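Enquirer: Need a 3D model of the following:
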Amino acid sequence: MSKARRAVLEKYDLEKTYSLEDASNLIKEITTVKFDATIDLAIRLNVDPRKADQMVRGSVSLPAGTGKDMKVLVLCTPDKEAEAKEAGADYVGLEDYIEKIKGGWTDVDVIISTPNVMGKIGALGRILGPRNLMPNPKTGTVTMDVKKAVADSKGGKIDFKVDKFGIIHTLVGKVSFSKEDIHKNAKELLDTIVKLKPASAKGQYVTSVYMSSTMSPSINVDASSL
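Expert: Here you go, the predicted model:
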């Protein structure tokens with residue numbers, strides 16, 4: 001075992017559950033990679049995503065931002081292209097990008113579209129859906145207010161969706177963030193998910209929460225406190 005790995009394990013107890021605040025501090029201590037690693041949460045929910053009324057999805061604006069330069073694609077008609085570019089979208093267009101996506105290109109973090117082109121984008125669902133990139137009115141990514149949608153995405157707004165196993169995976173910041181900012185972002189995300197609890201979900205809603213960063217062990221966060 002490497003010296004760095006041994007030092008990490010001395011600070012960290014695999015059997016223990018940590019408060020969200022303690023986990024936000026510990027994740028900085030046990031991340032040993034040389035680059036600014038992304039911090040993720042994996043939240044397991046007691047829902048059945050196959051049932052439409054138990055599909056948990058939404059968006060949240062992280063108070064401290066994502067720490068990531070979010071690449072935004074706007075799919076729209078020509079009359080909206082200038083607005084999208086001025087707002088800071090990285091890619092703007094329609095037919096060319098639809099063809100690129102059909103060919104397997106998904107090198108973006110967010111896709112925004114105007115409602116009038118969703119008929120053309122629907123066929124991309126099997127590619128964009130599993131990557132959580134499909135524009136959706138519920139997350140504000142299908143809208144005529146392209147300027148606001150781009151600004152929100154660039155400013156720390158993230159979308160999340162429960163996968164087929166009942167788990168939400170999403171980033172909450174970078175290791176370079178202060179422990180206070182990591183905690184603030186994680187709490188905002190978890191509070192938002194708790195508010196979205198489906199009426200038909202029975203028993204304990206949030207069954208587990210794990211925080212990790214690139215190459216770090218996962219920290220078991222006390223889900224009962226939520």
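
Enquirer: backbone phi and psi for the residue nearest the centre of the chain, please?
Expert: Ranked by distance to the mean C-alpha position of the chain (CA atoms, centre = their mean), the top residue is Thr170 at 3.5 Å. When read as degrees, to the nearest 10, the backbone of Thr170 gives phi -160, psi 160.

Enquirer: Can you tell me the closest non-neighbouring residue to it?
Expert: Of all residues not flanking Thr170 in the chain, Phe160 sits nearest, at 4.7 Å (CB to CB, 6 or more residues apart in numbering). Quick note: C-beta positions are derived from backbone N, CA and C, even for glycine.

Enquirer: helices and strands of this structure: which one has the lowest mean pLDDT?
Expert: The weakest-scoring helix or strand in the chain, judged by mean pLDDT, DSSP states H and E, is helix 3-11 (a mean of 68).

Enquirer: next SSE after that helix?
Expert: Sequence order places helix 20-30 as the next helix or strand after helix 3-11, per DSSP states H and E.

Enquirer: average model confidence for the helix or strand following that following helix?
Expert: Per DSSP H and E, helix 20-30 leads on to strand 38-45 as the next helix or strand towards the C-terminus. In this model, strand 38-45 has a mean pLDDT of 96.

Enquirer: What pairs with the following helix or strand past strand 38-45, parallel or antiparallel?
Expert: Later in the chain than strand 38-45, the nearest helix or strand by DSSP H and E is strand 57-61. Note on strand 57-61: by DSSP bridges, its sheet partners are strand 157-161 (antiparallel).

Enquirer: And for the strand it pairs with, what's in contact with it?
Expert: 55-62, 66, 110, 132, 136, 139-141, 168, 170-171, 189, 193 (CB atoms under 8 Å, 6 or more residues apart in numbering).

Enquirer: Give me the distance from it to the chain's centre.
Expert: Chain-centre distance of strand 157-161: 4 Å, with CA atoms, centre = their mean, to the nearest Å.

Enquirer: again, but for stretch 21-36
Expert: Distance of stretch 21-36 from the chain centroid (CA atoms, centre = their mean) equals 19 Å.

Enquirer: And stretch 51-68, by the same measure?
Expert: Stretch 51-68 has its C-alpha centroid displaced from the chain centroid by 6 Å (CA atoms, centre = their mean).
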